[in-house]
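Colleague: Can you look at this prediction? I've put the sequence above it.
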Amino acid sequence: MKIKQVEEFDSLIVFAILIKHKLLIIGTSLLAGVISAILAFVYLPNEYKSTVNVVPPQTSMSGMESALGSISGALKDIGLTKLGGSGGETYNFIVILSSRSIMDSLIEEFDLPKVYDIPKNEMSLVRMKLEENLDINYERDGNYYISVWDTDKKRAADMANKIVELANNLAMKIYREEASLNKKNMEERLHGTDSTMRAVADTLQKFSKRTGMYYPTEQASALSKSIADLKSEEIKYDIFYDYYSKIYGQDDFTTQSILGMKQKMTEKIEEVKNQPGFAGNFALDDAAREGIEFLRLYAELETYTKLKSFLLPMIEKNKLDETKNLKNLIVLDKAIPADKKDRPRRSLIVAGSVVGVFSLTIFIILLVNSIRTASRKIKQINSQGNES
């Protein structure tokens, strides 16, 4: 109950103090309002806002991206993870639009140090001032709003439109440099591929000349058929030998002749298996090893041939990209001079000044009163101490 009385008493004191100094509070507030109004209406010039609405073009998938898509599909088909990643083939235009290159070009084009009354050797201050007067927004629909404020309504519109032109030129420069770098890298890779292809082709040629192997699958098929024919002949002679040996005896001339033919056929089969010359310059037992080596060299040559066929169109595309003229930002709504000023909001400036000075005056009055009260209490305590 005592606490409430003290709070009520303190609140009454504060209210009484403010009533006592009401003329000071009202006077300073009105004075601040008048001064801020004079400054706002006399010294703050009108600034006009112009906005240009632009969109990036819809580009089709590049050759590199389509190729990667095909590779990704192949990897997915054999159970590997699909290649992925966010991002497109174009740059984020917020980065380009707000780059220092664009800023400096705009400063030079419109002589902004003179416009902003800032020395040319203080370029950092000029850029800061330009950034204050520039706003770039990217909308969810994919378009960009580029706004410029200036005391000259026509200059504000010209600057907004000029930013788009400068951004297109810079983006085109970056695009061409990237295409040139890609072309150079691909040409180096193509040169390396050609060298490797020549080495593999030379090795394969020497291998074929040494072994006599040119088409392993067809040669293997022919060799298998020949071996089968020889084996079947050997079996037939074996059957005839058993037949004639049982009827005429083993010493019969015909039986001995059939036995000789059977032995020659067996020797021929052994010769085919162990000596080169029948299907190539290699023995039958070495056919698998030589065939695998041929297929390895052939597969390597085929791989580099396909890589070359992939690189050649990409190099041609980058050659075209080096000379291509593209508009990376397309203007939907061109910036035009504004009809009315956009800033400063003088009424808000005046209202803010009045409220600010009003609050500051009350704070100072209460602070001074608190100091005086504390000083009186300290003197009372000191006087009571001296009397005791």
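Modeller: Yep, that arrived. Numbering: from 1, shown residues only.
Colleague: Can you find the helix or strand in this protein with the smallest mean pLDDT?
Modeller: Scoring the helices and strands of the chain by mean pLDDT, DSSP states H and E places helix 63-77 at the bottom, with a mean of 42.
Colleague: contacts for the following helix or strand past that helix?
Modeller: Remark: after helix 63-77, the chain's next helix or strand is helix 93-97, criterion DSSP states H and E. Contacts to helix 93-97, defined as CB atoms under 8 Å, 6 or more residues apart in numbering, come from residues 56, 102, 136, 138, 144, 146, 163, 167, 170-171, 174, 328-329. C-betas here are computed from N, CA, C, even on glycine.
Colleague: Out of the residues you listed, list just those in strands.
Modeller: Among the contacts of helix 93-97, the members falling in strands (DSSP state E) are 136, 138, 144, 146.
Colleague: Return the item of those having minimum pLDDT.
Modeller: pLDDT across the ones in strands among the contacts of helix 93-97 is lowest for residue 138, at 84.
Colleague: Surely it is in contact with residue 56?
Modeller: No: contact criterion CB atoms under 8 Å: residue 138 and residue 56 do not qualify, at 10.2 Å.
Colleague: Just the buried residues of stretch 198-205, please?
Modeller: Using 16 or more other CB atoms under 10 Å as the test for burial, stretch 198-205 gives 200-201, 204.
Colleague: quick one: which of the residues you listed is nearest to residue 345?
Modeller: Set against residue 345, the nearest of the buried residues of stretch 198-205 by CB to CB is residue 200 (75.5 Å).
Colleague: where's that closest one, which helix or strand?
Modeller: Residue 200 belongs to helix 153-211, assigned by DSSP H and E.
Colleague: What is the distance between that helix and the centre of its chain?
Modeller: Put simply, helix 153-211 sits 16 Å off its chain's centre (CA atoms, centre = their mean, to the nearest Å).
Colleague: average pLDDT across it?
Modeller: Mean pLDDT, computed over helix 153-211, is 84.
Colleague: What is it packed up against?
Modeller: The contact analysis (3 or more CB pairs under 8 Å, 6 or more residues apart in numbering; DSSP states H and E) places helix 153-211 against strand 48-55, helix 93-97, helix 100-110, strand 144-150, helix 287-323.
Colleague: Give the burial count for residue 104, as a bare number.
Modeller: Applying other CB atoms under 10 Å, we find 16 other residues in the vicinity of residue 104.
Colleague: who touches it in this structure?
Modeller: Contacts of residue 104 by CB under 8 Å, 6+ apart are 123, 127.
Colleague: if we go to 10 Å?
Modeller: 112, 123, 126-127, 130, 166 (CB atoms under 10 Å, 6 or more residues apart in numbering).
Colleague: where does the stretch 201-350 of the chain have low pLDDT?
Modeller: 213-224, 226-227, 271-288, 290, 321-327, 344 (pLDDT under 70).
Colleague: For residue 335, list the residues it contacts.
Modeller: Counted by CB under 10 Å, 6+ apart, residue 335 has contacts 49-54, 146-148, 156-164.
Colleague: follow-up on the earlier one: nearest to residue 259, out of the contacts of residue 104: which one, please.
Modeller: Nearest member of the contacts of residue 104 to residue 259, counting by CB to CB, is residue 166, at 100.3 Å.
Colleague: thought the closest one was touching residue 101?
Modeller: Yes: if you go by CB atoms under 10 Å, residue 166 and residue 101 touch, sitting 7.9 Å apart.
Colleague: hey, what's in contact with both of the two?
Modeller: With CB under 10 Å, 6+ apart, residue 166 and residue 101 have no common neighbours.
Colleague: So those two - more neighbours on which side?
Modeller: Between residue 166 and residue 101, counted using other CB under 10 Å, the more crowded position is residue 166 (20 against 13).
Colleague: residue contacts, that one?
Modeller: 96-97, 99, 101-106, 109.
Colleague: 8 Å instead?
Modeller: 101-102, 105-106.
Colleague: try residue 17
Modeller: 365-366, 369.
Colleague: What of residue 23?
Modeller: Residue 23 touches nothing, counting by CB under 8 Å, 6+ apart.
Colleague: buried stuff in the helix or strand containing it?
Modeller: Using DSSP H and E, residue 23 falls within helix 22-38. Neighbour-count burial for helix 22-38 flags 25, 28-29, 32-33, 36-37 (criterion: 16+ other CB under 10 Å).
Colleague: Once you drop chain neighbours, what's closest to the residue located most distally from the centre of the chain?
Modeller: Centroid-distance maximum for the chain: residue 248 at 91.7 Å, with CA atoms, centre = their mean. Nearest non-adjacent residue to residue 248, counting by CB to CB, 6 or more residues apart in numbering: residue 255, 5.6 Å away.
Colleague: How many residues are close by that neighbour?
Modeller: Burial of residue 255 is recorded as 20 neighbouring residues (other CB under 10 Å).
Colleague: Just want to check the distance between it and residue 176.
Modeller: Distance of residue 255 to residue 176, computed by CB to CB, to the nearest Å: 91 Å.
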